[in-house]
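In: This is the structure alone, sequence omitted:
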């Protein structure tokens, strides 16, 4: 590799890794990391040269291990670097593709929640996890503090125990039943 070409690649990497404001294709950065890691002998040596953590370089390199459909979603800006590198933690390439497609359009926080759930429950359907997440996100809740006399609370506790539900769930059930009448 020519010295000028090497310096250009280092400059591009430095700008994209150190300067968070610059938007670039994460896969391009990953490719540069791969080229320079091979040139310097390891990702650790590249990290030292750039004065960044090894984990940063490793995260970019993990993107190159993703199946082609997932890489295309990253290239096209459908999913971001953070989401892509989290998807890389899923062992099955088939599941990686399925999850990547399911998180398109979600913000990074919601996508992370879906991915984390799938990592813990690999047999779960990413689409159903996404639907469940969004269903709960769309609801607005109001917290109500309700002073209850001890005697009434004890009756509610007994009733909830017999129904094998929490006192809170019993109260909600009672309120919903009254409102339907």
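Out: Here it is on my side, so go on. Since the model is a prediction, treat every value here as computed from it, not as a measurement. Numbers count the residues shown, from 1 in each chain.
In: tell me, how many neighbours does the closest residue to residue 14 other than its chain neighbours end up with?
Out: Leaving aside its chain neighbours, residue 14 sits nearest to residue 50 (6.0 Å; criterion: C-beta to C-beta, 6 or more residues apart in numbering). Backbone N, C-alpha and C define where each C-beta goes, glycine included. Using other C-beta atoms under 10 Å, residue 50 has 17 other residues around it.
In: contacting residues around residue 50?
Out: By C-beta atoms under 8 Å, 6 or more residues apart in numbering, residue 50 lies in contact with 10, 13, 14, 17, 18, 57.
In: what about residue 95, neighbour count?
Out: 17.
In: now residue 38
Out: So residue 38, with other C-beta under 10 Å, has 12 neighbours.
In: Show me which helix or strand of this protein is least confident by mean pLDDT.
Out: helix 126-138 (a mean of 81; mean pLDDT, DSSP states H and E).
In: In PyMOL, select just the buried ones from the contacts of residue 50.
Out: Remark: buried members of the contacts of residue 50, expressed as a PyMOL selection using 16 or more other C-beta atoms under 10 Å:
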select buried, resi 10+13+17+57
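In: from the contacts of residue 50, which has minimum pLDDT?
Out: Among these, residue 18 carries the weakest pLDDT, at 75.
In: hang on, isn't that residue packed against residue 52?
Out: Yes: the pair residue 18 / residue 52 is scored as a contact, 7.2 Å apart, by C-beta atoms under 8 Å.
In: Cool, thanks, signing off.
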